[in-house]
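Chemist: Model the following, please.
(one chain, ligands or ions: 2)
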Amino acid sequence: MLDVDAALALIHQGLHRGPTEALAPRAALGRVLAQAVYSGEDLPPFDNAAMDGFALPLGARTAQAGEEFAVQGEQAAGDAARSAQVACAIMTGARLPDGLDTVVPLEQVRVLAHDVQGGAQRIVLTVAVAPGQHCRRRGEDICRGEPALPAGCRIGPPQLALLAGIGCAKVSVVKAPRLTLFCTGRELVDDPARALGSGEIRNSNGPYLAAAAAAAGTELLREVTVADEPASLQHAIADAVADGARLILSTGAVSAGRYDFVPEVLGALRADIVFHKLRMRPGKPLLFARLPGGTLYFGLPGNPASCAVGFRFFVCAAVRALLGLAAERPWRLPLVQEASKKAGFALYQKASLTFDRDGRAGVRLLSGQESFKVHSLAHAQGWAMLPAAAEHLPAGTSVDFHGSAHWGLHLDTESAA
Ligand SMILES: Nc1nc2c(c(=O)[nH]1)N[C@H]1C(S)=C(S)[C@@H](COP(=O)(O)OP(=O)(O)OC[C@H]3O[C@@H](n4cnc5c(N)ncnc54)[C@H](O)[C@@H]3O)O[C@H]1N2
Ligand code: MOO
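Modeler: Ligands and ions are numbered 1, 2, ... in the order given. Take a look at the predicted model:
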């Protein structure tokens, strides 16, 4: 039986970033940049006022409190370039007229005289004013030609703001890998309005995987509950490959029982079964295969926590590679309670973050770790991984913590492509 690291290495073998496409930034929300974006413009595009007040011609000198200035006209946001010989009233964001270089907020002047329209004609400073103050310079945020976003960066709302700010019309992003999902098991009921018959259960893995797959950055092609016969699954897999699925997931029918036909079906399809069963819990019966056309097949175990571990750690690893992202780096955080396990297999535990009085983070293992339990899954913020060699872990032992989604808090800048 393989250990977890060896399995991940086999998944990564020969797996490269998938094809790319050019999209308008808003259509690329949630996607991963395939190429770095360089700014095509200066931001801000011109020198402008940071405060409502008066623009002054100071040059390099400091003006003292009590100094008076003649004022002519007004410059509002949106007004085009013009030149000025004397001070002018100015609004936040307005382009500085040529010849003016400093802004004094209106709270720091007294108006001595008004013109007929009520505008200021002469002002006196109530404080000293340093040259260049309260001005935002052209390109001070980002200059034309400067790198704006790195390849591997996921586009979220803040990235959209930057792309919009620099006038970027198209970005090159990785196409979302296409995924088809099969749930097996004649005990499964999909319709929540239907009362359960004797021996039936509700399909919880289907909705979990469909949502998790979309949240992980894939495009869900189809979600099908297949009959418990090898022929049905075999046809469904052939259809998924014909539809262009890059990834196929199934849940259930992968262990040792009479109806656990996934390995047999894959054999009939001449798939290369890369591994089946890992030194881990839950999720030991996980199967990974490559179909003849290169489609990746993950046979996830049916127990809900086993299915979730298989998805979160192994399917997500493949998705990241297809998106051109480097392997995840977990957070190293201390356990807030002691834990014990048998040596010889990695143990994935539903876990949450806790914070002590000083705000230091720790990992709490939740109750309800049995692999059939769904309730605790919904209360976990992620997973703690207790390594295969460990047996007794005293409170305070540092462990790997992985959030519920593979996207890190950091910008994913390292490309695996
Ligand atoms: N003799 C052995 N029995 C089992 C072994 C073993 O090594 N030898 N492994 C156990 C482990 S560990 C796991 S995990 C499960 C995996 O079983 P399968 O992947 O073959 O899945 P099923 O037998 O079809 O179902 C297992 C369990 O999960 C429930 N299930 C299935 N699909 C769903 C779904 N979509 N939503 C909710 N629940 C689902 C199903 O009703 C079963 O209770 O095998 C152990 N047995
Ligand atoms: O791998 Mo199974 O998940 O222990 O129930």
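Chemist: CA only for contacts and neighbour counts going forward, please
Modeler: Noted.
Chemist: Is there proximity between the longest strand along the chain and ligand 2?
Modeler: Longest strand in the chain, counting residues (DSSP state E): strand 346-355. No - figure legend: strand 346-355 not in contact with ligand 2 (Cα under 6 Å from any ligand atom); closest approach 9.5 Å.
Chemist: Return the list of helices and strands in contact with that strand.
Modeler: Packed against strand 346-355, as judged by 3 or more Cα pairs under 8 Å, 6 or more residues apart in numbering; DSSP states H and E, are the following elements: strand 280-281, strand 361-365, strand 382-386.
Chemist: possible to save these as TSV with distance to residue 103, mean neighbour count and mean pLDDT?
Modeler: Formatted as TSV, the helices and strands packed on strand 346-355 follow (distance: least, Cα to Cα, whole Å; neighbours: other Cα atoms under 10 Å; pLDDT from 0 to 100):
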stretch	distance to residue 103	mean neighbour count	mean pLDDT
strand 280-281	65	22	98
strand 361-365	45	22	98
strand 382-386	51	24	98
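Chemist: mind checking which of the ones you listed is nearest residue 134?
Modeler: Evaluated over the helices and strands packed on strand 346-355, closeness to residue 134 peaks at strand 361-365, with 39.8 Å, by Cα to Cα.
Chemist: Is my assumption valid that residue 319 occupies a position in a helix?
Modeler: Yes - judged by DSSP: H, G, I helix; E, B strand; the rest coil, residue 319 forms part of a helix.
Chemist: which residues sit in contact with it?
Modeler: 177, 216-218 (Cα atoms under 8 Å, 6 or more residues apart in numbering).
Chemist: which two in these are spaced the farthest apart?
Modeler: With distance counted by Cα to Cα, no two of these lie farther apart than 177 and 216, which are 10.1 Å apart.
Chemist: for the stretch 201-350 of the chain, what spans make up the helices?
Modeler: Counting by DSSP state H, counting those that start in this stretch, the segments of the stretch 201-350 of the chain that form helices are 205-215, 230-242, 262-268, 304-309, 316-322.
Chemist: what residues does the protein put near ligand 1?
Modeler: Proximity of the chain to ligand 1 (Cα under 6 Å from any ligand atom) is limited to residues 183, 185, 203-206, 251-256, 260, 283-285, 301-304, 306.
Chemist: One more pass at 5 Å, please.
Modeler: Along the chain, the residues adjacent to ligand 1 under the rule Cα under 5 Å from any ligand atom are 203-205, 252-256, 283, 301-303.
Chemist: Just the buried ones from the contacts of residue 319, in PyMOL syntax?
Modeler: The following PyMOL selection, which keeps only the buried ones among those, applies the criterion 16 or more other Cα atoms under 10 Å:
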select buried, resi 177+216+217+218
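Chemist: If we ignore the residues flanking it in sequence, what's nearest the residue in the stretch 301-417 of the chain positioned nearest to ligand 2?
Modeler: Across the stretch 301-417 of the chain, the shortest distance to ligand 2 (Cα to the nearest ligand atom) belongs to residue 306, at 4.1 Å. Nearest in space to residue 306, with sequence neighbours left out and distances taken as Cα to Cα, 6 or more residues apart in numbering, is residue 283 at 3.8 Å.
Chemist: could the helices of the stretch 201-350 of the chain go into CSV alongside distance to residue 372 and mean pLDDT?
Modeler: Converted to CSV, those look like this (distance: least, Cα to Cα, whole Å; pLDDT from 0 to 100):
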stretch, distance to residue 372, mean pLDDT
helix 205-215, 11, 98
helix 230-242, 24, 96
helix 262-268, 20, 96
helix 304-309, 6, 98
helix 316-322, 21, 98
